[in-house]
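*Asks:* based on what follows, work out the 3D shape:
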Amino acid sequence: MTPRGIRNNNPANIKHGPSKWMGLSSQQSDEVFCSFTKPEFGIRAAAKLLQVYQERHELMTLRQIIGRWAPPSENDTSAYLTAVSIWADLDPDQPIDVTQYDVAYPLLRAMTRQENGAPPPETEPYWYQPEVWERGLRMAGVAPNKKLTDSRTMRGAVTAASGGVVALGSLLDQFGLPDEVTALLPAALSGMTEQQVAIVAILIAVAGSVYAGWSRHDDGHWGRL
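*Replies:* Numbers count the residues shown, from 1 in each chain. Next comes the predicted model:
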């Protein structure tokens with residue numbers, strides 16, 4: 001049977017909370033864990049939550065992160081940490097930066113395996129194909145080959161620009177625009193000058209960058225998740 005986290009498109013098993021994640025399913029049949037419309041949204045949410053761990057709670061090592069993610073009151077935290085450390089090839093006590101792709105990618109894959117068990121052969125070893133992971137992580141502002149000296153604002157802009165199609169697609173999915181509307185986009189762009197197309201591309205990149213880092217809360221306002 002397909003594990004709960006995979007059925008919910010929530011590979012890290014994020015629980016319901018006060019905030020509304022991007023891409024949540026309209027029907028939340030699981031009383032404990034969130035359900036997302038696509039696995040990319042579940043991956044994005046997990047990556048954003050790890051960023052919150054570091055930015056707000058200053059959890060800088062794998063041991064600290066797993067201690068909060070899988071507390072002893074609910075899990076065998078030591079076993080969880082050991083497994084993730086081995087699969088992700090990360091030292092439990094070495095400071096890490098979860099905004100870096102080469103850290104977030106193996107870490108979340110390892111956590112997904114720990115949460116859901118060993119995947120079937122066609123998705124070995126971490127349930128989803130690499131392109132699914134990359135799309136989800138890009139939506140969280142985590143892109144491959146980023147420079148450590150990039151500012152947070154520049155990281156978001158570069159990510160949105162390089163993953164413009166993903167950002168635009170996510171935006172359209174979130175607002176529920178029908179396929180008939182999105183199908184008009186290529187024709188609309190073809191009627192523009194090169195300068196106009198460039199301006200539209202910049203606007204999409206900026207919108208994608210902002211939208212990828214913000215989500216709606218229960219009280220209706222928008223805030224970073």
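
*Asks:* wouldn't S35 be in contact with G23 here?
*Replies:* No. Using C-beta atoms under 8 Å as the test, S35 is too far from G23 to be in contact (9.8 Å). All C-beta spots, glycine's among them, are computed from the backbone N, C-alpha and C.

*Asks:* show me where the protein has its helices.
*Replies:* 4-7, 39-57, 62-69, 77-88, 101-116, 130-139, 152-162, 164-175, 179-182, 185-190, 194-212 (DSSP state H).

*Asks:* list the helices and strands the fourth one packs on?
*Replies:* What that stands for is helix 77-88. Where contact means 3 or more C-beta pairs under 8 Å, 6 or more residues apart in numbering; DSSP states H and E, helix 77-88 is packed against helix 62-69, helix 101-116.

*Asks:* out of those, which is closest to P95?
*Replies:* Within the helices and strands packed on helix 77-88, the stretch nearest P95 is helix 62-69; the backing value is 9.3 Å (C-beta to C-beta).

*Asks:* which residues sit in contact with N116?
*Replies:* P3, R4, G5, I6, P11, N13, W127 (C-beta atoms under 8 Å, 6 or more residues apart in numbering).

*Asks:* can you get me a residue count around the closest residue to S85 other than its chain neighbours?
*Replies:* Distances taken as C-beta to C-beta, 6 or more residues apart in numbering put P92 closest to S85, at 5.1 Å, once the chain neighbours are dropped. A count of nearby residues for P92, using other C-beta atoms under 10 Å, gives 14.

*Asks:* ok, P92 - contacts?
*Replies:* Neighbouring residues of P92 by C-beta under 8 Å, 6+ apart: T61, L62, R63, L81, S85.

*Asks:* what of P39?
*Replies:* P39 touches I6, N9, P11, Y128, V132, G136, counting by C-beta under 8 Å, 6+ apart.
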